[in-house]
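Student: What follows is a predicted protein model with its sequence.
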Amino acid sequence: MKKDFTVPKEEIGGEILQKQEMRKQYLRLRDNLRLTDIRDKSKKIIEKLYAMPCYRQAKTVMMYIDFRNEVSTKAVLLKALHQGKKVVVPVTDTRARKLILSEIKDADRELRPGSYGILEPAKEFIREVSVDILDIIIVPGLVFDLRGYRIGYGGGYYDKLLQDINPNTKTIGLAFDFQIVDSLCIENFDRKVDVIITEERIISYEHAG
Ligand SMILES: Nc1ncnc2c1ncn2[C@@H]1O[C@H](COP(=O)(O)OP(=O)(O)OP(=O)(O)O)[C@@H](O)[C@H]1O
Ligand SMILES: [Mg+2]
């Protein structure tokens, strides 16, 4: 079966695209997704997440709130709250160029568009928590490679966050399968995730170096 998101190598222009080019290319590809595809594939991805023992057992889960055709996390957020998990979402501190971690209790009431138009808790609902309490971090990305490295929007926000986590925190990237490439050019501050879930596969690096 033909994969509708697959882009022939020659169309993405050569063997190794630099980060900035990759970002542009994959943003454009993702912007062109159909809403029905985003919904259907997100559902498959989320079902795989729900089946993972580490997710089921997690008491505290941090997750991004989807933006611009990212894998949808809205259902995960609502369900996690309903299940009694502690749910933490990022608030972008553009001045310090870091993510503030905030516990969310009521998604309908507390969120409003913040930096870059991404939904985040309004000021009065920010309940800052420490990175140490996170069992799981659900990480967004524009492109991931088979080692778990990623390219995001280019702020280094997740690189900084992932640098500070404790070794017991499991990091899970969510992506559509077309966003997986063999190997990305990375820099020394880039951090990788432990697992990537796509609508087609689970790629795990737990035992990789
Ligand atoms: N741990 C860090 N401490 C300080 N600066 C960092 C750190 N990690 C990354 N940066 C800075 O962030 C900038 C952007 O990094 P990069 O291009 O890897 O973004 P990205 O991984 O796409 O973004 P994000 O992590 O927000 O998804 C880099 O210029 C780098 O200097
Ligand atoms: Mg990076």
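Tutor: Looks like it came in fine. Numbers count the residues shown, from 1 in each chain. Ligands and ions are numbered 1, 2, ... in the order given.
Student: Excluding sequence neighbours, find me the nearest residue to residue 38.
Tutor: For residue 38, the nearest residue in space outside its immediate sequence neighbours is residue 69; the separation is 5.8 Å by C-beta to C-beta, 6 or more residues apart in numbering. For the C-beta atoms, the positions are set from N, CA and C on the backbone; glycine is no exception.
Student: how deep is the one you found tucked in, by neighbour count?
Tutor: Other residues within reach of residue 69 by the criterion other C-beta atoms under 10 Å amount to 18.
Student: Enumerate every residue touching it.
Tutor: Shown in contact with residue 69 (C-beta atoms under 8 Å, 6 or more residues apart in numbering): 30-31, 33, 38.
Student: Can you show me the CA trace of stretch 57-68 as CSV?
Tutor: In CSV, the C-alpha atoms belonging to stretch 57-68 read as follows (Å, rounded to 0.1, in the frame of the first residue of the first chain):
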residue,chain,number,x,y,z
GLN,A,57,1.7,2.9,35.6
ALA,A,58,2.7,6.6,35.4
LYS,A,59,1.3,8.8,38.1
THR,A,60,2.7,12.1,36.7
VAL,A,61,2.7,12.7,33.0
MET,A,62,3.9,15.8,31.2
MET,A,63,2.6,16.4,27.7
TYR,A,64,2.7,19.0,25.0
ILE,A,65,-0.6,20.4,23.8
ASP,A,66,-0.8,19.9,20.1
PHE,A,67,-0.3,22.8,17.8
ARG,A,68,-0.1,23.1,14.0
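Student: does ligand 1 sit close to it?
Tutor: No. Judged by C-beta under 6 Å from any ligand atom, stretch 57-68 makes no contact with ligand 1; its nearest approach is 9.8 Å.
Student: What average pLDDT does that stretch get?
Tutor: For stretch 57-68, the mean per-residue pLDDT is 97.
Student: Next: stretch 84-97.
Tutor: This predicted structure assigns stretch 84-97 an average pLDDT of 96.
Student: swap in stretch 105-123?
Tutor: If you average the pLDDT values across stretch 105-123, you get 94.
Student: for that stretch, which positions count as buried?
Tutor: When burial is assessed from 16 or more other C-beta atoms under 10 Å, stretch 105-123 yields the following buried residues: 107, 110-111, 114, 118-121.
Student: filter the residues you listed down to the ones near ligand 1?
Tutor: Checked against ligand 1 using C-beta under 6 Å from any ligand atom, these yield no neighbours at all.
Student: For ligand 1, state which of the residues you listed is nearest.
Tutor: When the buried residues of stretch 105-123 are compared for distance to ligand 1, the smallest value, 11.6 Å, is given by residue 118; criterion: C-beta to the nearest ligand atom.
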